[in-house]
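Novice: predicted structure and sequence below. I'll ask about it afterward.
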Amino acid sequence: MIYFDNSATTRVFDQAAQRAALAMTERFFNPAAAYGAAFSVEKEVNAARAYAAQLLGVRPEEVFFTSGGTESNNIAVFGALAAARGKKRVVTTMVEHASVYETVLAAAKRYDAEVVYAPLNDDGTVNVDRLGEVLSPDTALVSIMHVNNELGSVNDLDRIAAKVRTYAPNALFHSDGVQAFLKLPQTRIPCDLYSISAHKFHAPKGVGILYVRSGAKVAPGQIGGGQERNFRSGTSNTPAILGMDTAMRLYSEHKAEFHANLSAVKERLYADLSTLPDVVLNGPELSHGAKHILNVSFLGVRGEVLLHALEQKQIYVSTGSACAAKKIGKNRILHAVGIDGARQEGAIRFSFCPFNTVAEADYVAETIGEQLALLRRYRRR
Amino acid sequence: MKQVLLVRYAEIHLKGLNRPYFERMLVDRMRDALLPLRARIEREQGRVFVYDLPEESIAEAAAKICGVFGVHSVSPALCVEKNWDSIRTAAISLVAPDADKPTTFKCFAKRSDKRFPMTSEQICRELGHVLLDAYETLSVDVHHPALKVTVEVRQQSAFVFTKEMLGVGGMPVGTNGKAMLLISGGIDSPVAGYMIAKRGVALSAVHFYSYPYTSERARDKVVELTKIVARYAGEIDLYLVPFTEIQLAIYDRCPSSETTVLMRRLMMKIAERIANQCGAQALVTGEAIGQVASQTMDSLACTDDAVSLPVFRPLIGFDKEEIVERAQKIGTFETSILPFEDCCTVFVPQHPVTRPKVEQLRQSEALVDFEPMIESAIAATECMKISQFVLD
């Protein structure tokens, strides 16, 4: 099996799985319980919090554990709008993941806010020079993703944050960092809210982080027993949190070598694919994009058909976000950056992890070459 | 006094000497429908009775029986001894829930045991008195009663009931042979299968998939649809046939405007062979005249020409809207519209023939030696037994 769909999810590190298993069997205590055994689990959870805070360059009390990227994005968007007063504007982009894009629409409806989409560059990044045009003093929330999940475009959060401070001083700046965390050289962040999902970096599913800058006015998520400092109630998901802790540490410790490997695989695959006819790169230039995402269109083939053909060879890729794979119709993200027609139809997203090798990239490209020769013979006529 | 279901059957009335056979089949199908509940089911002079149901399951059982082909209607009834006292008590208790507010009623009686001392007319009259005395809220309306209190005095016992739930009608599955349904995953074919099964026909089904042009999820959707049809039609053998090779050969070697009709012809041929192997006597499709290019009169004639078994198309005169309505009613619609396939569009010509000629299609088909491909497709066919009880 060759798994090139690591933006959908990743294989859990063995050590992370073992840590999670331990937290389900021997160290299963509820960290909120009063006795010593439980307290020692609480200490582990807080150590995980402190470690995440250190990576992000923030304080531990600004790190909240959630059930994952979608919940983090929901709390950020709804929480920011619920706490904002007066006339509201939300500035976001047309290329956000559904858990921001749809959430912004729903929250704007509930809190009677106006949604404005930021201008984009062709590579899927926000046009920061023109960002000031859509920011305003009554802007309550700016939500712009860090790394685009389909194209791999990387936004410069520092520059965006500076613009927000200048043109929308009353706004909270949220960024969906699900595809960015640990995948970029830098992990420190300049925003008020930041979302992380653990299963994208070899940790279990069902856990994530929302960073909330202290002092930022954000209404809490689910209400209940007051866990996570009354911001997100619910018994702590210790197996997932501790599994995530282990994964974060492993990834962070090996970051240099992991990143080198991701770049090598991505560059090799693209070099191989470039030798095939009618192959077009989507999104940013190779060196500008995230190291783990490569989006390419194979003209004259439907992405789904190529995907299923590769599946028969145990090669797993995707045509876009798994969260949109079952929806019919156009690809919102590609459309937003002007990729339509045959180029949109033939788009495939490859996403890598440190376990992938250049030999795999060669084999995938070779297989695609064979399949293209077959599939391209059959076009609608 | 015990709770039973009194079941009336639909067309079986019209049967002559083989009526007991139809009745037995109906009882078998009712028994299947009630599983995992085990009830005692007895036939008696034009009625079927279901005994020994746990009280809390009566409503659910009645609904299930209503969905059995061959059932005209079902009445949850009280079964009592054949004496006036018992009948009277049963009627009073049965009417109680409806008598909490003013309402109208009328009594009906049927006496198939003529030894019973009261005539039907007397029963009605007396029971009317009894109910009027028992509940001040009741009044008689012989033309449009809100409540119909019915007493049937039969050989073994008497039955009292107030409700009659309409069943689906039709004939018990298995009384009219077996047919092979071509099921696609769309809206039409499951409805077609339902309608044929309703006439007492047991079903097998065949589905053609074209990996990598269709996905595993699309195939699974067909399994789900078959499962829903099996709720009504009983167990269905589903044959899954790989069809890509044939589809590519048609594309490569035959005139492009004819691809769809040729594909239909080859599907019919394969379906017919599988039908012959498994003892199905006809093919069933969800086609309707003029719905798409491959369903014009000319195209249907060309499709028929590919096989010698009869082809049943129960939706032939239906509008799409009517088909959708039925799909919603039988519960297949939501599954049918799941958006999984659509990659097959590469094989759909932009300008398909709408008036193909049989002779021309035969010639086009002869351009390719399909026989080995048909054989290998059938050899690679997978058969799944689908019943409503199989969970995946």
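Specialist: Perfect, thanks for sending it. Numbering: from 1, shown residues only, chains lettered A, B, ... in the order given.
Novice: neighbours of the residue nearest to residue A:205 when sequence neighbours are not counted, how many?
Specialist: Closest residue to residue A:205 apart from its sequence neighbours, by CB to CB, 6 or more residues apart in numbering or on different chains: residue A:199 at 4.3 Å. Glycine gets a C-beta too; all of them are placed from N, C-alpha and C. Other residues near residue A:199 number 23, with proximity taken as other CB atoms under 10 Å in any protein chain shown.
Novice: equivalent analysis for residue A:255, please.
Specialist: With other CB under 10 Å as criterion, residue A:255 counts 16.
Novice: that one touches residue A:183, doesn't it?
Specialist: No. Applying CB atoms under 8 Å, one finds residue A:255 not in contact with residue A:183, separated by 9.3 Å.
Novice: where do the helices of the stretch 201-350 of chain B begin and end?
Specialist: In the stretch 201-350 of chain B, the segments counted as helices under DSSP state H, counting those that start in this stretch are B:216-233, B:244-253, B:259-278, B:297-305, B:320-330, B:333-336.
Novice: want to throw those into CSV with distance to residue A:47?
Specialist: Listed next are those as CSV, based on distance: least, CB to CB, whole Å:
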stretch, distance to residue A:47
helix B:216-233, 42
helix B:244-253, 54
helix B:259-278, 63
helix B:297-305, 70
helix B:320-330, 55
helix B:333-336, 48
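Novice: so which of the ones you listed comes closest to residue B:349?
Specialist: Closest approach to residue B:349 among those is made by helix B:259-278 (5.4 Å; CB to CB).
Novice: for chain B, what lies in contact range of chain A?
Specialist: Residues of chain B found near chain A (CB under 8 Å from any CB of the partner chain) are B:211-215, B:248, B:251-252, B:256, B:338-340, B:342-343, B:345-350.
Novice: and stretch B:91-101, what's buried?
Specialist: B:91, B:92, B:94, B:95, B:98, B:99 (16 or more other CB atoms under 10 Å in any protein chain shown).
Novice: show me those that map onto strands.
Specialist: Judged by DSSP state E, the buried residues of stretch B:91-101 include no members of strands.
Novice: return stretch B:300-317 as PDB; C-alpha atoms alone will do.
Specialist: Extracted in PDB, the C-alpha atoms of stretch B:300-317 (Å, rounded to 0.1, in the frame of the first residue of the first chain):
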ATOM      1  CA  LEU B 300     -36.600  -0.500 -26.000                       C
ATOM      2  CA  ALA B 301     -37.400  -2.700 -29.000                       C
ATOM      3  CA  CYS B 302     -33.600  -3.000 -29.700                       C
ATOM      4  CA  THR B 303     -33.000  -3.900 -26.100                       C
ATOM      5  CA  ASP B 304     -35.700  -6.600 -26.200                       C
ATOM      6  CA  ASP B 305     -34.200  -8.000 -29.400                       C
ATOM      7  CA  ALA B 306     -31.100  -9.000 -27.400                       C
ATOM      8  CA  VAL B 307     -32.900 -11.600 -25.300                       C
ATOM      9  CA  SER B 308     -35.600 -14.200 -25.600                       C
ATOM     10  CA  LEU B 309     -36.900 -14.000 -22.100                       C
ATOM     11  CA  PRO B 310     -39.900 -11.700 -21.500                       C
ATOM     12  CA  VAL B 311     -38.800  -8.300 -20.200                       C
ATOM     13  CA  PHE B 312     -41.100  -6.700 -17.700                       C
ATOM     14  CA  ARG B 313     -41.100  -2.900 -17.300                       C
ATOM     15  CA  PRO B 314     -43.700  -2.100 -14.700                       C
ATOM     16  CA  LEU B 315     -42.800   1.700 -14.800                       C
ATOM     17  CA  ILE B 316     -43.400   1.900 -18.500                       C
ATOM     18  CA  GLY B 317     -46.200   4.500 -18.300                       C
END
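Novice: would you mark the buried spots in it?
Specialist: So for stretch B:300-317, counting by 16+ other CB under 10 Å, buried means B:300, B:302, B:303, B:304, B:306, B:307, B:309, B:311, B:312, B:313, B:314, B:315.
Novice: roughly how far out does that stretch sit from the chain middle?
Specialist: 21 Å (CA atoms, centre = their mean, to the nearest Å).
Novice: and the pLDDT at residue 154?
Specialist: By default, I'm working from chain A. On the pLDDT scale, residue A:154 is placed at 98.
Novice: could you do chain B instead?
Specialist: Taking residue B:154 on its own, its pLDDT is 92.
Novice: list the contacts of it.
Specialist: Applying CB atoms under 8 Å, 6 or more residues apart in numbering or on different chains to residue B:154 gives the contacts B:44, B:45, B:47, B:112, B:113.
Novice: bridging residues for the third one?
Specialist: The bridge-partner assignment for residue B:47, based on DSSP bridges, gives residue B:8, residue B:44.
Novice: and the pLDDT at it?
Specialist: In this prediction, residue B:47 carries a pLDDT score of 89.
Novice: what do you get for the last one?
Specialist: Per-residue pLDDT puts residue B:113 at 89.
Novice: helix, strand or coil for it?
Specialist: When classified by DSSP: H, G, I helix; E, B strand; the rest coil, residue B:113 comes out as coil.
Novice: hmm, residue B:151 and it touching each other?
Specialist: No. Here residue B:113 does not reach residue B:151: they are 11.9 Å apart, not a contact under CB under 8 Å.
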